[in-house]
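*Asks:* here is my input; please provide its structure:
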Amino acid sequence: MPNRVEILKRQFTNSVGLPFRELLPESTLVEALEAEKIEYRNRLFNPIVTLWAFLSQVLDTDKSLQNAVSRIISWLAADGEAIPSSDTGGYSKARKRLSEKFLVRLLGKTAQGLEKQTTTEDLWCDRHVKLCDGSTVVMSDTPLNQTEYPQHSNQTLGCGFPIAKIVVMFSLATGAALEILIAPFRTGEVTLARQLYPKLMPDDVVLADRAFGSYVDLVLIQQYSADAVFRKHQSRKSDFRRGKKLGIGDHIVTWSKPHRRPTGMSQDEFAKLPTHVQVREIHLLIQQKGFRSKEIILVTTLLDAQVYTKTKLAQLYQWRWQVEVDLRHVKTTLGMEMLRGKTPEMVRKEIYVHLLAYNLLRTVMWQAGKQAGVCPVRISLQGTRQHLSHFCCQFYKAGAKKRAKLYDAFLIVVTDKLLPERPYRYEPRLKKRRPKPYGWMQQPRDVLKRQLVA
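*Replies:* Next comes the predicted model:
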């Protein structure tokens, strides 16, 4: 058994784990297991083998348990070892045994490892910018999932899917997923995001859309020695004739504390907020060839107009849409829109492993971008995933020297086609492709099946 475990660890390390060899070596995995006080028996699917199998399963277009087990069987057969059962029960139970805290710890380590590799040239005004936004994911319709993450209240029982709200914080410099929170759908996006603010580091800058542009969010972020750049909420009016004028369409005004306590905040927390806060408002006129001019107003706690000029803030905000692209990569490219877990615990583990796989791809893009001297954000994540899938088949077959040459070639190929720069990007939230002409399920499946045979 130990021999088979070592073979699998070697194969995973020399294939899908190759880009993570510095950020996530086996020693780091062992330390994380010890830190969480996780003890395990000496079996084929120990936590390390299970983790790598789970990661490769997420990265593969065929995400079935059978495909993951088949990969393990082929590797052991190639090394002349006894072939384990093709039944997926053992691997499924091993995934259930993985600790959520263990996966969260690894997610943080990969993100922090990438952040440490940044230099002044990679940052905005020598500061780390964090992108924040929310989305939803649906999951298997089971009683346990429905209890913790109920389906939408407008749907008939048995005709919908459990749904969860997620809020993710990404790094603008590296694209890595830094933090995530998961809650029932009825939880407000901004309410959930406020739980991420304590994770901010001093001098961080939070970049988000107009939903976050409130007095409370600006004050809370400042309490952690960080700053914010948001689009002004449409319900708040601006008058650039008032306040301290810094330039054309640029001034500092004083916002007063709202009378009503926001949802999700206790009375004690609300009482501790200051009565006033100074906010800088900036008017931008966005002109794009072929489109009508668009006016937006930014609100920020960056008050120094000499250091943080209007032009620099405008250049920063043009990357706001990047968080939408990052979420699309995680949900659509990696297939996290519909989760297969039958329990809430398994659903959360799937989400963490999807983000871990996403950080794996971002690590590849970072390495390739730095080697080629291009911006890592302009590298295609889908293209990186496709190249990694094909090169992995060659990595584990090659010797150490050939593997190093293959990996260098892999990094070169990844940067062959770069994405175009699309500043101030925005897209209609509409679908072009028409759905198939099937009606919506109005009754539970078992009722409809009985009607078919009646």
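*Asks:* I'd assumed Ala164 was in a strand, is it?
*Replies:* Yes - membership of Ala164 in a strand is supported by DSSP: H, G, I helix; E, B strand; the rest coil.
*Asks:* distance of the nearest residue to Thr187 once chain neighbours are set aside from Lys130?
*Replies:* Leaving out its chain neighbours, the residue that sits closest to Thr187 by Cβ to Cβ, 6 or more residues apart in numbering is Lys165, at 5.1 Å. Just so you know, the C-beta spots here come from the backbone N, C-alpha and C atoms, and that holds for glycine as well. In this view, Lys165 and Lys130 are 19 Å apart by Cβ to Cβ, to the nearest Å.
*Asks:* who's more crowded, the two?
*Replies:* The neighbour count for Lys165 versus Lys130, taken as other Cβ atoms under 10 Å, is higher for Lys130 (25 against 20).
*Asks:* list the contacts of that one.
*Replies:* 169-172, 178, 200, 204-207 (Cβ atoms under 8 Å, 6 or more residues apart in numbering).
*Asks:* kindly report the same for Lys257.
*Replies:* Counting by Cβ under 8 Å, 6+ apart, Lys257 touches 215, 273-276.
*Asks:* just Gln155 next, same as before
*Replies:* Listed by Cβ under 8 Å, 6+ apart, Gln155 has no contact partners.
*Asks:* all further residue positions should be reported with the first residue as 34.
*Replies:* Renumbered: residue one is now 34, and that last one reads Gln188.
*Asks:* and it, that one's in a helix?
*Replies:* No - the assignment for Gln188, made by three-state DSSP, is coil rather than a helix.
*Asks:* so where does Met234 fall, helix or strand?
*Replies:* Using DSSP states H and E, Met234 sits within no helix or strand.
*Asks:* again, but for the one 5 residues further on
*Replies:* Assignment of secondary structure by DSSP H and E places Val239 within strand 238-241.
*Asks:* tell me the mean pLDDT over stretch 49-64?
*Replies:* Mean pLDDT, taken over the full extent of stretch 49-64, equals 85.
*Asks:* list the buried residues of that stretch.
*Replies:* 49-53, 56-57, 61-62 (16 or more other Cβ atoms under 10 Å).
*Asks:* do the same with stretch 366-376
*Replies:* 366-369, 372, 374-376.
*Asks:* quick one: that stretch to chain centroid distance?
*Replies:* Here stretch 366-376 shows a centroid-to-chain-centroid distance of 14 Å under the convention Cα atoms, centre = their mean, to the nearest Å.
*Asks:* which residues touch it?
*Replies:* 91-92, 94, 96, 170-173, 175, 177-178, 194, 363-364, 380-384, 387, 390-391, 414-415, 418.
*Asks:* which strand or helix spans Glu357?
*Replies:* Assessed by DSSP H and E, Glu357 sits inside helix 355-361.
*Asks:* revised request: answer the last question for Leu84.
*Replies:* Element membership of Leu84 [criterion: DSSP H and E] is helix 80-92.
*Asks:* for that helix, packing partners?
*Replies:* Here helix 80-92 touches helix 35-46, helix 59-68, helix 98-111, helix 122-130, helix 133-148, helix 377-405, helix 414-428, going by 3 or more Cβ pairs under 8 Å, 6 or more residues apart in numbering; DSSP states H and E.
*Asks:* CA-only coordinates of it in CSV, if you can.
*Replies:* The C-alpha trace of helix 80-92 is given here as CSV (Å, rounded to 0.1, in the frame of the first residue of the first chain):
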residue,chain,number,x,y,z
PRO,A,80,-5.7,13.2,2.2
ILE,A,81,-2.9,14.2,-0.1
VAL,A,82,-3.8,11.7,-2.8
THR,A,83,-7.5,12.6,-2.5
LEU,A,84,-6.7,16.3,-2.7
TRP,A,85,-4.8,16.0,-6.0
ALA,A,86,-7.4,13.6,-7.4
PHE,A,87,-10.1,16.1,-6.5
LEU,A,88,-8.1,18.9,-8.2
SER,A,89,-7.5,17.0,-11.3
GLN,A,90,-11.2,16.1,-11.4
VAL,A,91,-12.2,19.8,-11.2
LEU,A,92,-9.7,20.7,-14.0
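*Asks:* what about this structure, any weak spots by pLDDT?
*Replies:* Screening the chain residue by residue with the criterion pLDDT under 70, one finds the ranges 34-35, 321-325, 456-460.
*Asks:* switch the cut-off to 80
*Replies:* Counting by pLDDT under 80, the ranges of the chain that qualify are 34-35, 319-327, 429, 454-468, 487.
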